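> Need the 3D shape of this:
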Amino acid sequence: MSQFGSENPQNGKLNIFAAFKRKSMKHHVECGVRISIDENDVQDLKEVLGEDKSTMYEPGTLSRCVVCEDICVEGELAIEEVLFIPNKNDPASDNLNRFRVYLPRVCCHECASDYAQRHSTHTTPPVAINLRSIGTAYKEYIESKSNESKSVGNESTKIAEEDDPNNENQSVAPISEAERDPFEDGFLICTQLVKTGGADQGGLQVGDVFVEFAHYSKKRFPGLKSIANLVRRSAGKEIPVVVWRKLEINTLKDENGSGRTVFQKLALKLKPLQSHDADGGGVLGAVMNTYPLPEMKN
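Just a heads-up that it's a prediction; the model follows:
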């Protein structure tokens, strides 16, 4: 049976298992969502995940239970959080950053039943009903999380409108952490803010990750100096930006009882204030760094 996670690089692409160490962080089981694993089901999942994520499985992983690692051709849907850490023994590691992904897996019926008991969750007996391919089940899972997040987004937008009656800050409904690789399209991050500065007045927060800064984006980013120059020549003018913001919504609980983490995309307008130095250029009152932040070297 063919599986994702070929150890050989193809078409000159990065060999992810040579360049990164893979660490499983945690998982949760969608108890009662019964799935099957065969060659057709794996191909179906590949179409849902896309080429990049499909290479992030270790060889043979998809046919093994996420808990006990026994061979499992039927089971229940699980979502595994995996951390990829640059392998310092690989020559290319200096150009790589760690990242997290959320990958669909299978959980055998015995482990799913144990999980359900420990988390007071309902599951179904292992009978041949409502059996889906792992690709179909994962697609339905993503859609359900998207709908759930939209309802949270509506509430978040309502709160934002109360704080911002002119609706100057436009928000897009948040998405759940399991839906995507957080901030994969980001290229700048705000690490410090000056209170009452132009960035603070425009609604920026520490930790916001920029997707767009005026006409700059991840694909078109010459460097931090270009951002600084743009700010300097924009005193008193609005700079349109788009950021991802990490939120914790306490009304939605994870399995451990903590608030559900969601990510909200916001369109802001930042107006640099006139500086008091010799040239009188614009200042935002924010410290920004490239994203992802570089790892500390030993």
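
> Identify each buried residue in the longest strand belonging to the chain, please.
For the chain, the strand reaching the highest residue count under DSSP state E is reported as strand 20-36. Buried residues in strand 20-36, counted by 16 or more other CB atoms under 10 Å: 20, 22, 27, 28, 29, 30, 31, 33, 34, 35, 36. All C-beta spots, glycine's among them, are computed from the backbone N, C-alpha and C.

> Name every strand pairing with that strand and say which way it goes.
Strand 20-36 pairs in its sheet with strand 74-86 (antiparallel), strand 132-133 (parallel), by DSSP bridges.

> so which of those gets nearest residue 289?
Closest approach to residue 289 among these (CB to CB): strand 74-86, 18.4 Å.

> pLDDT of that closest one, averaged?
Strand 74-86 shows a mean pLDDT of 89.

> Closest one of the buried residues of strand 20-36 to residue 234?
residue 20 (39.3 Å).

> Next secondary structure after the lowest-mean-pLDDT helix or strand in the chain?
One helix or strand of the chain scores below all others by mean pLDDT, DSSP states H and E: strand 170-176, with a mean of 43. Using DSSP states H and E, the helix or strand that directly follows strand 170-176 along the chain is strand 188-193.

> just to revisit the earlier point, most widely separated two among the buried residues of strand 20-36?
Spatial extent of those (CB to CB) is set by the pair 20 and 34 at 32.1 Å.

> Show the residue spans covered by the helices in the stretch 151-298 of the chain.
Along the stretch 151-298 of the chain, the stretches classed as helices by DSSP state H, counting those that start in this stretch are 198-201, 224-232.

> and residue 253, what pLDDT?
47.

> To clarify, my last question referred to residue 96.
Looking at residue 96, its pLDDT stands at 71.

> same question, the one 5 residues further on
Residue-level confidence at residue 101 comes out at 85, pLDDT.

> relative to strand 74-86, how tilted is the host helix or strand of it?
For residue 101, the enclosing helix or strand under DSSP H and E is strand 99-107. Calculated by axes from the mean of the first three to the mean of the last three CA atoms, to 10 degrees, strand 99-107 forms an angle of 160 degrees with strand 74-86.

> Skip ahead from strand 99-107 and say which helix or strand is next.
For strand 99-107, the succeeding helix or strand toward the C-terminus, using DSSP H and E, is helix 109-118.

> mean confidence for that following helix?
90.

> And it, what's buried?
For helix 109-118, the neighbour count (16+ other CB under 10 Å) marks 109, 111, 112, 113, 114, 115, 116 as buried.

> tell me the mean pLDDT over the next helix-or-strand element following the longest strand of the chain?
The helix or strand immediately downstream of strand 20-36 is helix 39-49, counting by DSSP H and E. Mean pLDDT, computed over helix 39-49, is 79.
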